[in-house]
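Student: next one to model:
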Amino acid sequence: MSDIYELQNSKRKKNADKILYECGLWDFLSKIGQPHIIGSYRMDLMAWNDLDLDIENSCMSREKLYQLTSFVLDVFHPLWYEAKEEVNDEGKRVWFHGFHVLIDDELWNVDLWFFDTETITKAEAYCDGISSAVQKFPVYRERIFRIKDALREKGLYGFYQYSSMDVYRAVLEFGVQDSEELIAKFEKK
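Tutor: Numbering: from 1, shown residues only. Sure, this is the predicted structure:
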């Protein structure tokens, strides 16, 4: 595995820890519900500055939504911020907070989703399955990093483009070797 990817992953996890622990996000979220780290941090596959947390929402309310909004604005001074309450396709009430913040002069995306325990358990199982696969076959780990990096450089990584889940599926289920093969096999319209 290329040392550069491991160094970048390690640096990103340290900066994510600053957001979580030094800035107090984890402690604040723990007052609202039980936070769960998911996504690339949980899988140890941080290819860019993105931190995803799911929080059990059994105790969530609009008042807590507003308190979290105040905390995020006061502590992080985000460059972009969004908070909303909605009902998803399954008829479940969910809450979302997303923001962009500079950490050590690097832009970070932070997504906080408030879900029921069942949804969070499924997300954790998905992440743990990916982690298990890349531990079993380390070549997949480097491919995932390379493909994510290449897609980001081409401006093809993100909303309405290729997602991390697209990359994981392409590599683990279809044996895709690089970004060109992914783009050819899974063209986005």
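Student: every contact and neighbour count from this point should use C-alpha atoms.
Tutor: OK.
Student: ok, Asp50 - contacts?
Tutor: The contact partners of Asp50, by CA atoms under 8 Å, 6 or more residues apart in numbering, come to 40, 108-111.
Student: excluding chain neighbours, what is closest to it?
Tutor: Asn109 (4.8 Å; CA to CA, 6 or more residues apart in numbering).
Student: any idea which element that neighbour lies in?
Tutor: Using DSSP states H and E, the secondary-structure element containing Asn109 is strand 106-115.
Student: helices and strands around that strand, which ones?
Tutor: In terms of contacts (3 or more CA pairs under 8 Å, 6 or more residues apart in numbering; DSSP states H and E), strand 106-115 is packed against strand 50-56, strand 93-103.
Student: what's the most buried one of the ones you listed?
Tutor: strand 50-56 (a mean of 22; mean count of other CA atoms under 10 Å).
Student: what average pLDDT does it get?
Tutor: Averaging pLDDT along strand 50-56 gives 97.
Student: stretch 146-166 now?
Tutor: 90.
Student: quick one: buried residues of that stretch?
Tutor: Using 16 or more other CA atoms under 10 Å as the test for burial, stretch 146-166 gives 146-151, 156-157, 162, 164.
Student: quick check: angle from the lengthiest helix in the chain to strand 50-56?
Tutor: The single longest helix within the chain, with elements called by DSSP state H, is helix 117-136. Interaxial angle, helix 117-136 versus strand 50-56 (axes from the mean of the first three to the mean of the last three CA atoms, to 10 degrees): 140 degrees.
Student: next helix or strand past helix 117-136?
Tutor: The helix or strand immediately downstream of helix 117-136 is helix 138-153, counting by DSSP H and E.
Student: now the spatially most central residue of the chain, nearest residue through space, not along the chain?
Tutor: For the chain, Asp52 is the residue whose C-alpha lies nearest the centre (CA atoms, centre = their mean; 3.5 Å). Of all residues not flanking Asp52 in the chain, Asp111 sits nearest, at 4.9 Å (CA to CA, 6+ apart).
Student: burial check on the one you found, number of neighbours?
Tutor: Counted with other CA atoms under 10 Å, the neighbours of Asp111 add up to 17.
Student: which one of the helices and strands packed on strand 106-115 lies closest to Leu73?
Tutor: Closest to Leu73 of these, according to CA to CA: strand 93-103, at 9.3 Å.
Student: tell me which element Glu173 falls in.
Tutor: Secondary structure (DSSP H and E) places Glu173 in helix 164-174.
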